[in-house]
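Asks: The following block contains a protein sequence and its predicted model.
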Amino acid sequence: MRSGEMAKLTQLIDNEVFRAYATYTTIVLLKMMLMSLITAYFRITRKAFVNPEDTASFGKGESAKKYLRTDPDVERVRRGHLNDLENIVPFLGVGLLYALSGPELSTALLHFRIFAGARIVHTFAYLIPLPQPGRGLSWAVGYAVTISMAYKVLKTVLYL
């Protein structure tokens, strides 16, 4: 890597908006990774597996087949995890473009914090479960943040 390219990367890391993006992206990615562990926990404690090799510690043959099943609690966690994938992945891309589009730090922090908070509330609403419209509102708030950032990116750097 040439020194000029290294200087550009250093400038990016020195950019406060980019650092805020990196911080909140890491938070939501860790939250999403936690969903995998929660899924595993529910699979083990509910003894509900989808792969025959996962049931080996419970016996062989017919005695192990009873553990090849679905469980409502496991499926609820999986749906929450899928919802994370459907919402956090677009945030990663749109949020990066937004961070690079030159927004004010305070506005960027507002977007990133609201999104992260909405995803955390959504997870609790899914896992507890909280009555609707709690989960739906937390989803809508996070989604609106991503749309708001996308609008700012398109408005700032529109090349159609």
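Replies: Yes, it's here. Fair warning: this is a prediction, and the values are worked out from it, not measured in the lab.
Asks: could you pull out the helices for the chain?
Replies: Ranges of helices within the chain are 3-14, 16-46, 62-65, 72-100, 105-127, 134-156, based on DSSP state H.
Asks: nearest to Ala56, of those?
Replies: helix 62-65 (6.9 Å; C-beta to C-beta). C-beta: built from backbone N, CA, C; applies to glycine.
Asks: hmm, who's touching that closest one?
Replies: Pro52, Thr55, Ala56, Phe58 (C-beta atoms under 8 Å, 6 or more residues apart in numbering).
Asks: what's the closest non-adjacent residue to the third one?
Replies: This points to Ala56. Nearest residue to Ala56, sequence neighbours excluded (C-beta to C-beta, 6 or more residues apart in numbering): Ala64, at 6.9 Å.
Asks: Equivalent analysis for the first one, please.
Replies: Nearest residue to Pro52 in three dimensions, chain neighbours excluded: Leu68, at 6.4 Å (C-beta to C-beta, 6+ apart).
Asks: give me the low-pLDDT residue ranges for this structure?
Replies: Within the chain, the ranges that satisfy pLDDT under 70 run 1-10, 12, 160.
Asks: and if we set it to 50?
Replies: For the chain, the stretches with pLDDT under 50 are 6.
Asks: ok, back up a step: kindly indicate which of the contacts of helix 62-65 lies nearest Thr39.
Replies: So of those, ranked by how close each gets to Thr39 (C-beta to C-beta), first place is Thr55, at 16.3 Å.
Asks: isn't that closest one right up against Tyr67?
Replies: Yes. Between Thr55 and Tyr67 there is a contact under C-beta atoms under 8 Å: 4.3 Å.
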